[in-house]
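# here's my sequence, what's the structure:
(chains A and B)
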Number of protein chains: 2
Amino acid sequence: MEFKFSEKVAHLQASQIREILKYSADPEVISLAAGSPAPEALPAKELEELSAQILAEEPNIAFQYGVTEGYTPLREEVKKLLAQKGVYNPEYDDVVITSGAQQANELSAKVLCNEGDMLITESPCFIGSLNAFKSYHVDLQGVPLEEDGINIAALEEKLKTGKVKLVYLIPNFQNPTSSTMSWEKRVKAFELCKKYGAVILEDNPYGDLRFAGEDIKCIKTLDTEGMVIYSGTFSKILSPGIRVGYVCAHKDIIQKIVVCKQVADVHTAMWSQMLCYRFLKKYDMDEHLAKLRKVYEHKTSLMLDEIRKNFSSKITYTTPQGGLFIWCTLPEGTTTQQMIDFCTTAVKDYKVAIVPGSAFSVHDGEECRSIRLNFSTPTDANIVKGIEILGRLSKEMFGD
Amino acid sequence: MEFKFSEKVAHLQASQIREILKYSADPEVISLAAGSPAPEALPAKELEELSAQILAEEPNIAFQYGVTEGYTPLREEVKKLLAQKGVYNPEYDDVVITSGAQQANELSAKVLCNEGDMLITESPCFIGSLNAFKSYHVDLQGVPLEEDGINIAALEEKLKTGKVKLVYLIPNFQNPTSSTMSWEKRVKAFELCKKYGAVILEDNPYGDLRFAGEDIKCIKTLDTEGMVIYSGTFSKILSPGIRVGYVCAHKDIIQKIVVCKQVADVHTAMWSQMLCYRFLKKYDMDEHLAKLRKVYEHKTSLMLDEIRKNFSSKITYTTPQGGLFIWCTLPEGTTTQQMIDFCTTAVKDYKVAIVPGSAFSVHDGEECRSIRLNFSTPTDANIVKGIEILGRLSKEMFGD
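Numbering: from 1, shown residues only, chains lettered A, B, ... in the order given. Now for the predicted structure:
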């Protein structure tokens, strides 16, 4: 039987990362391709204890249906955290718990965008969000990303068309480039979107993982009327496997997101939400985050040192101030195909998995000679070994 | 700020059930409005023990990212269960774990339906599915539901238009009516959909909860080419709060569902999936289900007895062979508004919550004089008290 799929999904493909991750199933492969938190950064023991308490004390809440908006005590704690960041304005904002920030971003697009509406992302951009937007058949347009954030002039060009519904930004330690948007650009992007009537979707999964430089306030802190939707997650600071994120936005938007979440999965798993709540109540989050930042600071320094020692000098790379990734750019003149060959050879013949930058292209076929390296998931030993191997391959392919 | 929502969600409203459930927050209200499993039917102790084992033995699997398709050991167990029912055909089917059957049904519509495509449901129909379908702006058309399933002649009329993409059916103990589709109608509906090229989405959340009558095989057992999508859930037999369901369909459909699930929530919470897997491995499911059926058989008999004793004789009601609901129809001539008044008076003045049947109308404004009573959630004492109170109100409004 031949199936006729909806136009919005017919063109969607499983992400290239997943294909590379399949090679990673080979236990001999060193994976620098993931985006998972460091195992040593997961508070597994604490969560295990909290879980035992939850199931002993409140099994009927953990195992029965909950409300779509989320477990009320957790919603209240998240509101407090966001208010501290200046991100939640009780006058007009509301907060809903989602099944990861992925769901927050997907539902934001669903409630705002008709098929064909223009949606702007940074280029390159996190593939999970790109595919979420594509699955609603929007007119997806990438705007070049620079070291200090999206190109403002190019953004304004798009906004001037009057057709832009939503502008999706990851201002802190963007995935995949790890670039951070300057305060000046945040203000300008906000003002332009306000002027042209576009809603901003500010995705901040890595904001708490800053291990260098000064914090920059969220775009949502500039908001005075609810034109910024803010999404966050517990995936990088507690655990990704529990699937808990949240979205903070104007009450009217939240109301629509709730209806769409209700038809998507009724509510987020109760145990997961209760775990987050109890962790926030019991532990000092600042102390916990300080520990995480130390882990990531160490791992990124280690990887950068090894890159300096081993890589062909023609390869450039970012020096992230936070997040989970280093973005390396192969020598000028390298074609997209050569970059993909580099990644494929690395995993097939050298047993080191990395992600080709083209996986994050807004549209297929865009030129790209960058690759994404993850330093959070591998052990220290594997960082050293993996980069040493990649270095050898890089010199073979591109010279010293 | 005025937001312009997408056309597909602009018309969506939170369900009427949720509004009534808000009154139920009053601890004095007896709720016959929910759809939750009986608390005594949840294997909370067993799940608590299994959880402790999971977090002690495999914390890194529980807390880290998993694959979108689902936790492999659980997928394999579900395939075995479905193969036993004749529902999974390894030649062309595949199985994916979803965040409840809600997600399975929503994603099935998303991958198959363009905006405006015709989608058939039984009328009345489960509101969660109705809203999921509406959120993709399909041309939703209800076909009258009879005691033995959907009206076949009316179904054929719709199919003859050649525009039907998907036919959504809950053949066992349908929500809200608790009616069960006869084998003859299952065969006819299958043959008609095959003839006219429509895919069937068979939702079977209550199939294992049969406490009277003979099992009837699933429509999916008739499938020889993958034109039936089958969705199931652990919500009614283990726990709804963990949010684990599954979908079994042709590999090509599953592939698209996986891409859409990836952008929806990346994967279902790992702990929830691991709990289901360990329960299936450790406990005898037939024994467990036999216990549940006893609980529900008792509760439905009790509620039916009380209805017989207390209700106005002008009210008719179904005698379910399974599931969680009794569907009562108010006397001929009762208007939709009078039915809603009955429900509103019941919860506001008499503190008994029930769901107006109009909540399950395919389109707003359809005539309905039925109400849905749930017997699984209330205690025995509250069933007796709730029905006694409703009986008094029914006699006041409709006579003896």
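# use CA for all of it now, contacts and neighbours both
Fine.
# now the helices for chain A?
Per DSSP state H, chain A carries helices over the ranges A:7-10, A:16-24, A:44-57, A:59-63, A:72-84, A:100-112, A:127-134, A:152-160, A:183-196, A:251-265, A:270-282, A:285-310, A:336-348, A:380-398.
# give me the buried positions along the last one.
It refers to helix A:380-398. For helix A:380-398, the neighbour count (16 or more other C-alpha atoms under 10 Å in any protein chain shown) marks A:382-384, A:386-395, A:398 as buried.
# just say which of the helices of chain A is most tucked in.
Mean neighbour count (mean count of other C-alpha atoms under 10 Å in any protein chain shown) peaks for helix A:100-112 among the helices of chain A, with a mean of 26.
# what angle do that helix and helix A:251-265 make?
Relative orientation of helix A:100-112 versus helix A:251-265 (axes from the mean of the first three to the mean of the last three C-alpha atoms, to 10 degrees): 110 degrees.
# scan chain A for its longest strand.
strand A:139-146 (DSSP state E).
# what is it packed up against?
strand A:118-123, helix A:152-160 (3 or more C-alpha pairs under 8 Å, 6 or more residues apart in numbering or on different chains; DSSP states H and E).
# who wins for proximity to chain B among these?
Comparing those by their distance to chain B (C-alpha to the nearest C-alpha), the top pick is strand A:118-123, with 12.4 Å.
# quick one: strands adjacent to that closest one?
strand A:139-146 (parallel), strand A:164-169 (parallel) (DSSP bridges).
# residues contacting A:T221?
Neighbouring residues of A:T221 by C-alpha atoms under 8 Å, 6 or more residues apart in numbering or on different chains: A:K85, A:G86, A:V87.
# buried ones among these?
Among the contacts of A:T221, those classed as buried by 16+ other C-alpha under 10 Å are A:G86, A:V87.
# now, among the contacts of A:T221, which is nearest to chain B?
Closest to chain B, out of all of the contacts of A:T221 and judged by C-alpha to the nearest C-alpha, is A:V87, at 17.4 Å.
# touching, that closest one and A:T224? I think so.
No. Look at A:V87 against A:T224 with C-alpha atoms under 8 Å: they stay out of range, at 10.5 Å.
# before we move on, back to that, most packed of the strands paired with strand A:118-123?
Across the strands paired with strand A:118-123, averaging neighbours per residue (mean count of other C-alpha under 10 Å) puts strand A:164-169 on top, at a mean of 24.
# return the distance of it from the chain's centre.
Taking C-alpha atoms, centre = their mean, to the nearest Å, one finds the center of strand A:164-169 at 16 Å from the center of the full chain.
# equivalent analysis for stretch A:78-90, please.
20 Å.
# wait, A:I170 touches A:E202, no?
Yes. A:I170 lies in contact with A:E202 (C-alpha under 8 Å); the separation is 6.0 Å.
# neighbour count for the two, which is higher?
Neighbour tally, A:I170 and A:E202, criterion other C-alpha atoms under 10 Å in any protein chain shown: the higher count belongs to A:I170, 26 against 23.
# pull the contacting residues for that one.
Applying C-alpha under 8 Å, 6+ apart, the residues contacting A:I170 are A:E202, A:D203, A:N204.
# up against chain B, what does the stretch 101-250 of chain A have?
Proximity of the stretch 101-250 of chain A to chain B, by C-alpha under 8 Å from any C-alpha of the partner chain, involves residues A:102-103, A:106, A:110-114, A:128-129, A:131-132, A:135, A:225-227, A:239-243.
# at 7 Å instead, please
A:102-103, A:106, A:111-114, A:128, A:131-132, A:225-226, A:239-243 (C-alpha under 7 Å from any C-alpha of the partner chain).
# the bottom helix or strand of chain A by mean pLDDT?
helix A:16-24 (a mean of 67; mean pLDDT, DSSP states H and E).
# what residues does A:D305 make contact with?
Applying C-alpha atoms under 7 Å, 6 or more residues apart in numbering or on different chains to A:D305 gives no contacts.
# ok, A:V143 to B:C193 distance?
Computed as C-alpha to C-alpha, to the nearest Å, the A:V143 to B:C193 distance reads 46 Å.
# per-residue pLDDT of whatever residue of the stretch 301-400 of chain A ends up closest to chain B, please?
Closest to chain B within the stretch 301-400 of chain A is A:T377: 10.3 Å, counting by C-alpha to the nearest C-alpha. At A:T377, the pLDDT value in this model is 94.
# I figured it hits A:P37, correct?
Yes. A:T377 lies in contact with A:P37 (C-alpha atoms under 7 Å); the separation is 5.9 Å.
# where do the contact lists of these two overlap?
Common neighbours of A:T377 and A:P37, using C-alpha under 7 Å, 6+ apart, do not exist here.
# so the two - more neighbours on which side?
A count of neighbours by other C-alpha under 10 Å puts A:P37 above the other of A:T377 and A:P37, at 26 against 22.
# quick one: residues contacting A:N151.
Residues in contact with A:N151 (C-alpha under 7 Å, 6+ apart) are A:V143, A:P144, A:L145.
# of all those, which comes closest to chain B?
Nearest to chain B among these: A:V143, at 21.5 Å, using C-alpha to the nearest C-alpha.
# hey, what's that closest one bridged with?
Under the criterion used here (DSSP bridges), A:V143 is bridged to A:E122.
# and the gap between the spatially closest residue to A:A34 that is not a sequence neighbour and B:Q64?
Excluding its sequence neighbours, the residue lying closest to A:A34 (C-alpha to C-alpha, 6 or more residues apart in numbering or on different chains) is A:N374, at 6.2 Å. Distance, A:N374 to B:Q64, using C-alpha to C-alpha: 15 Å.
# neighbour-wise, which of the two wins?
A:N374 (26 against 23).
# pLDDT on stretch A:214-221, on average?
Here the average pLDDT along stretch A:214-221 is 98.
# make that stretch A:295-307, sorry
pLDDT averaged over stretch A:295-307 gives 97.
# surely A:D203 meets A:L169?
Yes. Using C-alpha under 7 Å, A:D203 is in contact with A:L169, at 6.2 Å.
# quick one: low-confidence parts of chain A?
A:14-21 (pLDDT under 70).
# again, only this time at 50
Applying pLDDT under 50 to chain A flags no residue at all.
# domain parsing for it?
Using automatic domain parsing, the domains assigned to chain A come out as A:7-42+A:287-398, A:44-282.
# among those domains, which is nearest B:I54?
domain A:44-282 (9.4 Å; C-alpha to C-alpha).
# for the stretch 251-400 of chain A, what lies in contact range of chain B?
Counting by C-alpha under 7 Å from any C-alpha, the stretch 251-400 of chain A sits next to chain B at A:V259, A:V263, A:A264, A:D265, A:A269, A:M270.
# mind doing that once more with 8 Å?
Selection of the stretch 251-400 of chain A residues close to chain B by C-alpha under 8 Å from any C-alpha yields A:252-253, A:256, A:258-260, A:262-272.
# correct me, but A:T316 touches A:I326?
No. Assessed by C-alpha under 8 Å, A:T316 is found out of contact with A:I326, at 10.3 Å.
# between these two, which one's more packed in?
It is A:I326, of A:T316 and A:I326, that has more neighbours when counted by other C-alpha under 10 Å, with 25 against 17.
# now do the contacts for the residue nearest to the more buried one when sequence neighbours are not counted.
Nearest residue to A:I326 in three dimensions, chain neighbours excluded: A:L373, at 5.1 Å (C-alpha to C-alpha, 6+ apart). Residues in contact with A:L373 (C-alpha under 8 Å, 6+ apart) are A:L32, A:A33, A:F325, A:I326, A:W327, A:C328, A:I354, A:V355.
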